[in-house]
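*Asks:* Let me see the structure of the following:
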Amino acid sequence: MPDDLLRLEIGRVAAGGSCVARHDGRVVFVRHTLPGEVVLARLDEDCRGEAAAGRRFWRAEAVEVLAPSPDRVPVRCPVAGPGGCGGCDWQHADLAAQRRGKAGVIQEQFGRLAGIDLPEIVVESPGPASDADEGLANGQEDGLGWRTRVRFAVNAEGRAGLRAARSHRVIPLDDCPIAHPAVIASRVLDRRWPGVESIDVICGTDGPALVLPEVAPATGSDAGRTGTSSGRTWVEHRVLMPGRGPRTERRFRVSRGGFWQVHPRAGQVLVDAVEDAAEPRPGERAIDLYAGAGLFAAALALAVGDDGEVVAVEGDARACADARRNLHDLRHVRIDQVRIDQRRGPEAPRRLDVLGSRADVVVLDPPRAGAGRRVMERLIDLRPRVVAYLACDPASLARDVAHAAQNGYRLASLRAFDLFPMTHHVECLATLRPTR
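*Replies:* Residues are numbered from 1 along each chain as shown. Next up, the predicted model:
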């Protein structure tokens, strides 16, 4: 057997989508595998030869499955395997197995980083990617066609594609099964893109996708920077707002660089989940931290009413512009463009002053790195009756829940949503309440 091939027995799912195996006492993280399998795996290049000796762990990918798991299924994409695209970690597993694996990762991270022994977690389905998804209606949810925002890279021949796992190499694509049908219908994969470095393809609730190329700096050209269909650089999402009266539809404009969850059902699923967790009441003061385009601020504002107050804090100028447009009719919402991050410095305390001295409800949806100790301590100083914390990284969430626990707030509930099928990513909602 070649030196870079190992016969491995595969163990549990690890954070990041790989599974854990051991070889001569060393941990090996193996892609494209499932617990219980026996595989031949090829070591990554930086884990071979003399360079491998000093590494604490190795990485590899399965090139042959000797004993498959009963949860293994055929992949739907020809480049979703060894040596292929890095976008999908789990096309080889059925959806139930994917969700069990994600639940296990959440439990492991909370036990290790927060000292919390979580009960069994059910990773919830967001529902069909579109109303036309007949497979879900027949009980055969497929987890495809959901990604409404895709950044394609472009290779030297002008072909659009995605990068290989842990590599800058571009793999040209003819299709992408997890991309929303409107993304594929844009035909961005059918043409050549000379002089273009990357292409953002974005679609909203309905209508054609926007194709927004980014010209490579060396060309000095600015051709093709705007949407091919209408010249717009934004899309619109529609969400039914919870509240005390009948649910009403609200429209949110999101710019090219703005943040919105990529699953078309995510906005609805998460705003409903946050409403259930926080139960905002008339007259309360609420904070929406890392507010993005204003989704949660809108829901909070409708719940607390004109006698209440909502402070929406967002660091990105484009997102703030979106939020001001989206929330212009809600006069009791204040939008502050303030960068709240984990970096320390003389301005850090002043930036946090924007939060004020008290809050009844706090909602936060930070980037992958989480909020961090300093921000969590400042939020808890406000003594809210409830904190609803959304996170796309279970490790960062677990660390921040541990910070909250050290300052008198307990984990009251935890929900998880499979907003990124076929990948290792999972969205969590932690509800924190005072211990007394």
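*Asks:* Report the separation between the residue nearest the centre of the chain and residue 372.
*Replies:* The structure's the chain has its C-alpha centroid closest to residue 392; by C-alpha atoms, centre = their mean the separation is 4.7 Å. According to C-beta to C-beta, to the nearest Å, residue 392 and residue 372 sit 15 Å apart. In short, each C-beta sits where N, CA and C put it, glycine included.
*Asks:* same check, this time on residue 323
*Replies:* Distance from residue 323 to residue 372, by C-beta to C-beta: 23 Å.
*Asks:* out of the two, which sits in the busier spot?
*Replies:* A direct count of neighbours by other C-beta atoms under 10 Å for residue 323 and residue 372 places residue 323 higher, at 28 against 18.
*Asks:* Wait, a helix at that one?
*Replies:* Yes: Residue 323: assigned to a helix according to DSSP: H, G, I helix; E, B strand; the rest coil.
*Asks:* what residues are up against the nearest residue to it once chain neighbours are set aside?
*Replies:* The shortest distance from residue 323 to any non-neighbouring residue, by C-beta to C-beta, 6 or more residues apart in numbering, is to residue 294 (3.7 Å). By C-beta atoms under 8 Å, 6 or more residues apart in numbering, the contact set of residue 294 is 252, 288, 312, 322-323, 326-327, 333, 335.
*Asks:* swap the cut-off to 10 Å and go again
*Replies:* Listed by C-beta atoms under 10 Å, 6 or more residues apart in numbering, the contact set of residue 294 reads 250, 252-254, 258, 288, 300-301, 310, 312, 314, 319-320, 322-328, 330, 333, 335.
*Asks:* cool, residue 327 as well?
*Replies:* By C-beta under 10 Å, 6+ apart, the neighbours of residue 327 are 250, 252, 291, 293-295, 297-298, 301, 310, 312, 333-335.
*Asks:* Okay, it and residue 250: tell me how far apart.
*Replies:* 10 Å.
*Asks:* Now the common contact residues for these two.
*Replies:* Shared contacts of residue 327 and residue 250 (C-beta under 10 Å, 6+ apart): 294-295, 298.
*Asks:* can I get those residues in JSON lines with secondary structure, distance to residue 92 and pLDDT?
*Replies:* Listed next are the shared contacts of residue 327 and residue 250 as JSON lines, based on DSSP: H, G, I helix; E, B strand; the rest coil; distance: C-beta to C-beta, whole Å; pLDDT from 0 to 100:
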{"residue": "294", "secondary structure": "coil", "distance to residue 92": "38", "pLDDT": "98"}
{"residue": "295", "secondary structure": "helix", "distance to residue 92": "34", "pLDDT": "98"}
{"residue": "298", "secondary structure": "helix", "distance to residue 92": "39", "pLDDT": "97"}
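*Asks:* Closest to residue 401 out of these?
*Replies:* Of all these, residue 401 sits closest to residue 295, with 22.7 Å by C-beta to C-beta.
*Asks:* Can you report how many residues neighbour the closest one?
*Replies:* 30.
*Asks:* Enumerate every residue touching it.
*Replies:* When contacts are counted by C-beta under 10 Å, 6+ apart, residue 295 touches 237, 239, 241, 250, 252, 254, 259-261, 266-268, 270-271, 274, 288, 323, 326-327, 363, 365.
*Asks:* Which members of those residues occur in helices, if any?
*Replies:* 266-268, 270-271, 274, 323, 326 (DSSP state H).
*Asks:* Narrow the contacts of residue 294 to those that are buried.
*Replies:* 250, 252-254, 258, 288, 300-301, 310, 312, 314, 319-320, 322-323, 326-327, 330, 333, 335 (16 or more other C-beta atoms under 10 Å).
*Asks:* Now the residue nearest to the centre of the chain, what are its backbone angles?
*Replies:* The phi and psi values for residue 392, taken as degrees, to the nearest 10, are phi -100, psi 0.
*Asks:* Tell me who's in contact with it.
*Replies:* Counting by C-beta under 10 Å, 6+ apart, the residues that residue 392 touches are 261, 365-368, 370, 419-420, 425-428.
*Asks:* Only whichever of these are buried, select them in PyMOL.
*Replies:* Listed next is the PyMOL selection for buried residues among the contacts of residue 392, using 16+ other C-beta under 10 Å:
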select buried, resi 261+365+366+370+419+420+425+426+427+428
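*Asks:* Pipe the contacts of residue 392 into TSV and attach pLDDT per row.
*Replies:* Shown next, in TSV, are those (pLDDT from 0 to 100):
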residue	pLDDT
261	94
365	97
366	96
367	94
368	93
370	95
419	97
420	97
425	97
426	98
427	98
428	98
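*Asks:* Give me the next element, helix or strand, following the longest strand seen in the chain.
*Replies:* Ranked by residue count, the top strand of the chain under DSSP state E comes out as strand 57-67. With elements assigned by DSSP states H and E, the helix or strand that comes after strand 57-67 is helix 95-109.
*Asks:* list the helices and strands that next one packs on?
*Replies:* strand 123-124, helix 394-406, strand 409-417, strand 427-434 (3 or more C-beta pairs under 10 Å, 6 or more residues apart in numbering; DSSP states H and E).
*Asks:* report the angle between the axes of that helix and strand 427-434?
*Replies:* 40 degrees (axes from the mean of the first three to the mean of the last three C-alpha atoms, to 10 degrees).
*Asks:* tell me the mean pLDDT for helix 95-109?
*Replies:* Regarding helix 95-109, the rounded mean pLDDT is 97.
*Asks:* Could you do stretch 381-400 as well?
*Replies:* Here the average pLDDT along stretch 381-400 is 97.
*Asks:* Which positions in it come out as buried?
*Replies:* 382, 384, 386-400.
*Asks:* Just the CA trace of it, in PDB.
*Replies:* Extracted C-alpha coordinates of stretch 381-400, given in PDB (Å, rounded to 0.1, in the frame of the first residue of the first chain):
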ATOM      1  CA  ASP A 381     -24.800  43.900  32.700                       C
ATOM      2  CA  LEU A 382     -28.100  45.100  31.100                       C
ATOM      3  CA  ARG A 383     -29.900  42.400  33.100                       C
ATOM      4  CA  PRO A 384     -32.300  41.300  30.300                       C
ATOM      5  CA  ARG A 385     -35.000  38.900  31.300                       C
ATOM      6  CA  VAL A 386     -34.100  36.800  28.200                       C
ATOM      7  CA  VAL A 387     -31.300  36.600  25.600                       C
ATOM      8  CA  ALA A 388     -31.900  34.900  22.300                       C
ATOM      9  CA  TYR A 389     -28.600  34.000  20.800                       C
ATOM     10  CA  LEU A 390     -28.400  32.700  17.200                       C
ATOM     11  CA  ALA A 391     -25.100  31.100  16.000                       C
ATOM     12  CA  CYS A 392     -23.800  29.200  13.000                       C
ATOM     13  CA  ASP A 393     -20.900  27.700  14.900                       C
ATOM     14  CA  PRO A 394     -21.600  25.400  17.900                       C
ATOM     15  CA  ALA A 395     -18.200  25.900  19.400                       C
ATOM     16  CA  SER A 396     -18.400  29.700  19.500                       C
ATOM     17  CA  LEU A 397     -21.900  29.500  20.900                       C
ATOM     18  CA  ALA A 398     -20.800  27.000  23.600                       C
ATOM     19  CA  ARG A 399     -18.000  29.300  24.700                       C
ATOM     20  CA  ASP A 400     -20.300  32.300  24.900                       C
END
